[in-house]
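J.: no sequence on hand, only this structure:
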């Protein structure tokens, strides 16, 4: 089997690196409860480059007595107004970097912080505090409101997680999970085409599978870059009309670390190709973690014909 690019009637596949989505670090809203003696411990604030972090206090902040050491060249000047302090790094800082921030309230209370960064252990993504609510009195109205919002957010996140799990508990998701383990022999799919593509230090082997009533695409990704490769999202929609179509996607790992290989598998039912009385080509897009559309594949309805 030759590794060649086919004509459009079979499967046009193009490797691209065009910006389609903005970079999106993991943003966090959290609450810091101060002790009776807040100066004893300096709480950490996690920031990411070009992402604003807002500190919100119960009382007004003293502009003249609020300062951060060593900020020049690393941060925009502090924005202080009312009960808020805004931090905005000019670029990412490393987890080992420390900047001392002292916030002084109008009642002369001094609240120290350590401004730094944090990375998730698996994929190296930046985790930024989007908003930090700083509370001293746990019985204040602000504390009760912040606690309520935090509880509602946890409940919403849990509900979305359960709903997503229920939606993804399907035969197509099960098939995609098996394909992502590089075990197509355990599925009804048979390989139809295969291509090898290279962009920089990342190699993509793209395999196209067909079966009765279903189509599948498997990406084998070998990462030789010095940073992890991670898929942000996949999209499937009609080439004409841009109508989103349902599909199943699975990966064999959260991130492909340098020097390793991982898989992304997509499964689409034949009904996804149906548009009224006609069958339409579908466009499958793979977006990288930083928001770049790295791959797109045009799928022919013939892949899923009975």
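T.: Cool, the structure landed. From a predicted model like this one, the values you see are computed outputs, not experimental measurements.
J.: next, the contact list for the closest residue in space to residue 75 that isn't next to it in sequence, please.
T.: The spatial neighbour of residue 75 that comes closest, neighbours along the chain excluded (Cβ to Cβ, 6 or more residues apart in numbering), is residue 89 at 5.4 Å. Heads up, the C-betas are built off the backbone N, CA and C, glycines and all. Taking Cβ atoms under 8 Å, 6 or more residues apart in numbering, we find residue 89 in contact with 47, 48, 49, 50, 51, 74, 75, 76.
J.: could you measure from residue 89 over to residue 48?
T.: Relative to residue 48, residue 89 is positioned 7 Å away (Cβ to Cβ, to the nearest Å).
J.: now do residue 132
T.: 14 Å.
J.: tell me which of those two has more neighbours.
T.: The neighbour comparison of residue 132 against residue 48 (other Cβ atoms under 10 Å) goes to residue 48, with 25 against 22.
J.: where in this protein is pLDDT low?
T.: 1-28, 35-40, 119-126, 137-169 (pLDDT under 70).
J.: where's the most centrally placed residue in the chain, which helix or strand?
T.: For the chain, the residue nearest the mean C-alpha position is residue 232 (5.0 Å; Cα atoms, centre = their mean). Under the criterion of DSSP states H and E, residue 232 resides in strand 231-238.
J.: what are the buried residues along that strand?
T.: Neighbour-count burial for strand 231-238 flags 231, 232, 234, 235, 236, 237, 238 (criterion: 16 or more other Cβ atoms under 10 Å).
J.: name the nearest residue to the last one, ignoring sequence neighbours.
T.: On the basis of Cβ to Cβ, 6+ apart, the spatially nearest residue to residue 238 that is not a chain neighbour turns out to be residue 280, at 4.8 Å.
J.: cool, the first one as well?
T.: Distances taken as Cβ to Cβ, 6+ apart place residue 264 nearest to residue 231, at 5.7 Å, with adjacent residues excluded.
J.: which residues does that neighbour contact?
T.: Applying Cβ under 8 Å, 6+ apart, the residues near residue 264 are 180, 218, 219, 221, 231, 234, 249, 250, 251, 286.
J.: what bridges to the fifth one?
T.: So that's residue 231. residue 288 (DSSP bridges).
J.: ok, now the one 5 residues further on?
T.: Partner residues in beta bridges with residue 236, using DSSP bridges, are residue 284.
J.: so it touches residue 272, yeah?
T.: Yes: counting by Cβ atoms under 8 Å, residue 236 does reach residue 272; the two are 6.8 Å apart.
J.: shared neighbours of those two, which are they?
T.: Counting by Cβ under 8 Å, 6+ apart, the contacts common to residue 236 and residue 272 are 245, 246, 247, 282.
J.: for these, work out which two are farthest apart.
T.: Within those, two members stand farthest from each other by Cβ to Cβ: 246 and 282, at 10.9 Å.
J.: fine by me, we can end here.
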